[in-house]
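Asks: pasting the sequence and the predicted model now:
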Amino acid sequence: MNSPPSRAVPRQLRVAVPRPLLQAFDYRLPPGVEGPWTGCRVRVPFGRGSLVGIAVEEPRTLAQAGAEGLRDIEARLDPAPLLADELGDSLGWLARYLHAPLGEVLATALPAALRRGEPLPETHREGWRLTEAGQTALPAMRTGRPKALAGLLAHGPLDTDGLDTGMPGWRAALRALQARGLVEAVVLPRAQGHDGQPGPALNGDQQVAADSIRAARGFAPILLDGVTGSGKTEVYLDAIKDCLARGKQALVLVPEIGLTPQALARFRERLGVPVHASHSGLTDNERAATWTAALRGDARVIVGTRSAVFTPLPDAGIVIVDEEHDGSYKQFDGIRYHARDFAVMRARALGIPVVLGSATPSLETLHNARSGRYAHLRLSARAGNAQPPRVRVVDVRKRPLDAGMAPELFTAIRAALDAGGQVLVFRNRRGYAPVLLCHDCGWSAQCPRCSTPERGMPMTVHAGGYRLQCHHCGTRRPAPRACPDCGGLALQPQGNGTERIEDALAQRFGDVPVIRIDRGSTQGRDALQAHFDTLGSAPGILVGTQMLAKGHDLANLTLVAVVGVDEGLFSADFRASEKLAQLLVQVAGRAGRADKPGEVLLQTHHPEHPLLQVLVNGGYHAFAETELLEREAAAFPPFAHLALLRAEAKDAEAPLAFLQAARPAFAGQAIEINGPMPAPMPRRGGMQRAQLLLSSPSRSALQQALDAGVPALYDLPEARKVRWSLDVDPVDLY
Ligand code: ADP
Ligand code: ZN
Ligand code: ZN
């Protein structure tokens, strides 16, 4: 089998296809096409159609037995492998670790355009210039963004980097100009690198951290544990510069909404080389271009969100995961990978350092640092002149509230605005009010498709009271005018969401802009930037959800007011406290990032709650210490490893029946099995949901149990009546 098959001998090729099936499929290979094949895309017939799969082995001489049944591959799509070498091996490891079909894992790793079988894009630098018609039309154009963009291009052609810097959110304007024939695409010469603009001189802590990262050789996982505003980004930039100087590629992962044009511009300006972006705001072609440029070694710095962890790195030098605790690194459907964890895995395979940065490290990462598996670098003070914000807990029991806000809050907001500062009012509830209640009879609006056995799920009131929406399944409907039960007209929105808070603040502080930032008002990162631009640096108020908690640097922000976190204090999920502590510390960290001191007000009905006490008095690390002890006592991660088998169906019995049938597949293994049991939200979007929880203090014992049990699940007759999925290392149990 090792001797190269001669051209004339018929061969067969093993192909992984993007289907929920564990096995790969063999196809007949017409003689003639030489390898290497492993990691190339091939188009193959499948069922009645055809699909794009990945060759997972080199061709073998056609086995005589059973060969009649093999179908021919339709086409080889790549002259050279895409998913080979380290990336191919790491993806194989990922598929085995997640117990997921290899074909689906490989497809997930490819940008959508390549997954569909499109040819590798050109990776030359694309740009735009004014056409002659554009030159002529410019002076007479109506004022507006298209004209502003045309004006920008009148000085010469620009590529996407140049446009991002010159006019954030330029895409719509460009499309308008293109449609009128006023601009055209051009190929630009490759950008010349320059030294990059110098940054601030690193302070002592930063220098120590930067030196240890520079000194790291081979696989070296490093936690960069630095309070908000301590200058972690400067340390990343130093590490990337060093990596570039050694002729290597750097991959930087950032949270889903952390990658603003602002952040990209900072990297570009400082590094002086093209920075290739990969995030959900780009077109399929742009993402494929970044991926391909990395594969060819043309892209030296790649900054991207979750799926950028699949970027090929033929000259890998370093991987950086910013805000490593962030929930957006975990994929919640399809292939449920964790980008941070896979980044560490790839760094190991590549033999390079990986830096995990955060002001609020996940308990997993802290545990790894404490046990010596990761190096632990600390930045304990804010960089430059910035001081840590002062945190004050406001006890709102028995206080008169307006839209949930106590008088102390309004006084503090007024004072901050009068001093020329900006204010962030944080409330982690979108919409106008969480509940619509009939004051006459007690009826409340509930989602028809979501519930627990004990109660329905309230629908959130939106649009000032006109619309109802379920935040679990998305169901929307107009709000009734009269109570459906008693016909009364006393329907009242109860509680406060960001819309209502925005209304109340706009009424009281009519002299400054009040801008709401949440998923309802802000779709996409250009919209976020547009909001910040509207605010500028003049006094004003931002109202928002956790979208505002991440990495935005507003120099003039001096007050952060947290309106109510009480729901989060009493959640049943084992990770709820960790998430709440991270959120509070991150939101508080937005205050006083530059020269002006910052203040944080924390409103609560439970000022004595241990979580708040520990956080306020001891900070995040004190919280983490106590929380780790509790996790250890309860045998939860990071002291146990979990896998959650979920099932759902319209019919209430089917999920439980499937899990009951699945349970014996894991019997006799050194793991604990809990369930089957209904999911914490047993009915969502009209589907009945149940789960089986597998756990073990030993990762390898859990893996062995999954190795033994998972393949059998595909063959269970009960599996056909449900949608099931396996989540290895679930971040929550919902
Ligand atoms: P982090 O990512 O840790 O929250 P950043 O890297 O965004 O912090 O830095 C916070 C602010 O401090 C930025 O405005 C940055 O320019 C500034 N900064 C960082 N390092 C220094 C330094 N050594 N001297 C002065 N300013 C600094
Ligand atoms: Zn009623
Ligand atoms: Zn619902």
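Replies: Received, thanks. Numbers count the residues shown, from 1 in each chain. Ligands and ions are numbered 1, 2, ... in the order given.

Asks: residues of the stretch 401-550 of the chain that sit close to ligand 2?
Replies: C438, D440, C441, W443, C483, D485, C486, G488 (C-beta under 5 Å from the ion). Backbone N, C-alpha and C define where each C-beta goes, glycine included.

Asks: the residue nearest to the second one when sequence neighbours are not counted: what secondary structure?
Replies: Yep, that's D440 we're talking about. By the measure of C-beta to C-beta, 6 or more residues apart in numbering, the closest residue to D440 outside its immediate chain neighbours is G488, 3.7 Å from it. Under the three-state scheme (DSSP: H, G, I helix; E, B strand; the rest coil), the conformation of G488 reads as coil.

Asks: tell me, how many neighbours does G488 end up with?
Replies: Counted with other C-beta atoms under 10 Å, the burial measure for G488 works out to 13 neighbours.

Asks: next, report how far stretch 127-138 is displaced from the centre of its chain.
Replies: For stretch 127-138, the gap between its own C-alpha mean and the chain's C-alpha mean amounts to 38 Å (C-alpha atoms, centre = their mean, to the nearest Å).

Asks: which parts of that stretch are buried?
Replies: Neighbour-count burial for stretch 127-138, with 16 or more other C-beta atoms under 10 Å as criterion, is recorded at G127, W128, R129, L130, T131, G134, A137.

Asks: and the spatially closest residue to A647 that is not a sequence neighbour, what does it touch?
Replies: Once flanking residues are discounted, A647 sits nearest to P655: 3.9 Å by C-beta to C-beta, 6+ apart. Listed by C-beta atoms under 8 Å, 6 or more residues apart in numbering, the contact partners of P655 are A647, E648, A649, P676, Q688, R689, A690, V722.

Asks: how about G103?
Replies: Contacts for G103 were tallied using C-beta under 8 Å, 6+ apart; they are V15, A16, V17, P18, R19, L21, A24, G53, I54.

Asks: now swap in R430 and tell me
Replies: Taking C-beta under 8 Å, 6+ apart as the criterion, R430 is in contact with T460, H471, G497, T498, E499, D518, R519, G520, T545.

Asks: correct me if wrong: the second one contacts T460.
Replies: Yes: counting by C-beta atoms under 8 Å, T460 is a contact partner of H471 at 5.6 Å.

Asks: show me where the stretch 351-500 of the chain dips below the pLDDT cut-off.
Replies: Flagging of the stretch 351-500 of the chain using pLDDT under 70 yields an empty set of residue ranges.

Asks: can you pull out the helices in it?
Replies: Across the stretch 351-500 of the chain, reading from the start of the chain, the helices by DSSP state H, counting those that start in this stretch fall at 363-370, 407-418, 498-508.

Asks: any idea which of those helices gets closest to ligand 3?
Replies: Distance to ligand 3, taken as C-beta to the ion, is lowest for helix 498-508 among the helices of the stretch 351-500 of the chain, at 19.3 Å.

Asks: what residues does the helix or strand that that closest one is followed by touch?
Replies: Next along the chain after helix 498-508, taking DSSP states H and E as the criterion, comes strand 514-517. Under the contact criterion C-beta under 8 Å, 6+ apart, strand 514-517 has outside partners 498-499, 502, 505-506, 528, 531, 534-535, 540-545, 547-548.

Asks: can you give me the end-to-end distance of stretch 108-121?
Replies: Using C-alpha to C-alpha, to the nearest Å, the end-to-end distance of stretch 108-121 comes out at 18 Å.

Asks: repeat that for stretch 461-468.
Replies: Start and end residues of stretch 461-468 are separated by 5 Å (C-alpha to C-alpha).

Asks: quickly check: it near ligand 3 or not.
Replies: No: for a cut-off given as C-beta under 5 Å from the ion, stretch 461-468 has no contacts with ligand 3; the smallest distance is 10.3 Å.

Asks: quick one: buried residues of that stretch?
Replies: Judged by neighbour count using 16+ other C-beta under 10 Å, the buried positions of stretch 461-468 are V461, H462, G465, R467, L468.

Asks: if we can go back for a sec, so the residue nearest to D440 is in contact with G442, correct?
Replies: No: checked against C-beta under 8 Å, the pair G488 and G442 is beyond contact range at 10.6 Å.

Asks: re earlier: nearest to ligand 2, of the buried residues of stretch 127-138?
Replies: Closest to ligand 2 out of the buried residues of stretch 127-138 is W128 (59.3 Å), distances taken as C-beta to the ion.

Asks: P711 should be in a strand, yeah?
Replies: No: with the criterion set as three-state DSSP, the secondary structure at P711 is helix rather than a strand.

Asks: and the closest residue to A624 other than its chain neighbours, how far is that from P637?
Replies: Once flanking residues are discounted, A624 sits nearest to L366: 5.5 Å by C-beta to C-beta, 6+ apart. Going from L366 to P637 by C-beta to C-beta, to the nearest Å gives 12 Å.

Asks: do S698 as well
Replies: With distances defined as C-beta to C-beta, the gap from S698 to P637 amounts to 13 Å.

Asks: those two: which is more packed in?
Replies: For S698 and P637, the more surrounded residue by other C-beta under 10 Å is P637, and the numbers stand at 18 against 12.

Asks: going by distance to L350, which of the residues of the stretch 401-550 of the chain next to ligand 2 wins?
Replies: Of all those, W443 has the smallest distance to L350: 59.7 Å, by C-beta to C-beta.

Asks: re the thing from before, out of the buried residues of stretch 127-138, which sit inside strands?
Replies: G127, W128, R129, L130 (DSSP state E).

Asks: and these as JSON lines, adding distance to ligand 1 and pLDDT?
Replies: Putting those into JSON lines (distance: C-beta to the nearest ligand atom, whole Å; pLDDT from 0 to 100) gives the following:
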{"residue": "G127", "distance to ligand 1": "30", "pLDDT": "82"}
{"residue": "W128", "distance to ligand 1": "31", "pLDDT": "87"}
{"residue": "R129", "distance to ligand 1": "34", "pLDDT": "88"}
{"residue": "L130", "distance to ligand 1": "35", "pLDDT": "90"}
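
Asks: re earlier: report the buried members of the residues of the stretch 401-550 of the chain next to ligand 2.
Replies: Burial of those was assessed by neighbour count (16+ other C-beta under 10 Å); the buried members are C438, W443, C483.

Asks: next one: the helix ranked longest in the chain to chain centre, how far?
Replies: Taking residue count as the measure and DSSP state H as the definition, the longest helix of the chain comes out as helix 610-634. Between the mean C-alpha location of helix 610-634 and the chain-wide mean there is a distance of 25 Å, by C-alpha atoms, centre = their mean.

Asks: same check on stretch 643-655?
Replies: In terms of C-alpha atoms, centre = their mean, the centre of stretch 643-655 is found 26 Å from the chain centre.

Asks: A591 contacts V600, doesn't it?
Replies: Yes: at 5.5 Å, A591 and V600 qualify as touching, with contact defined as C-beta under 8 Å.

Asks: overlap in contacts of the two?
Replies: With C-beta under 8 Å, 6+ apart applied, the overlap between the contact sets of A591 and V600 consists of P389, L559, V560.

Asks: nearest to N617, of those residues?
Replies: When these are compared for distance to N617 (C-beta to C-beta), P389 comes out closest, at 14.7 Å.
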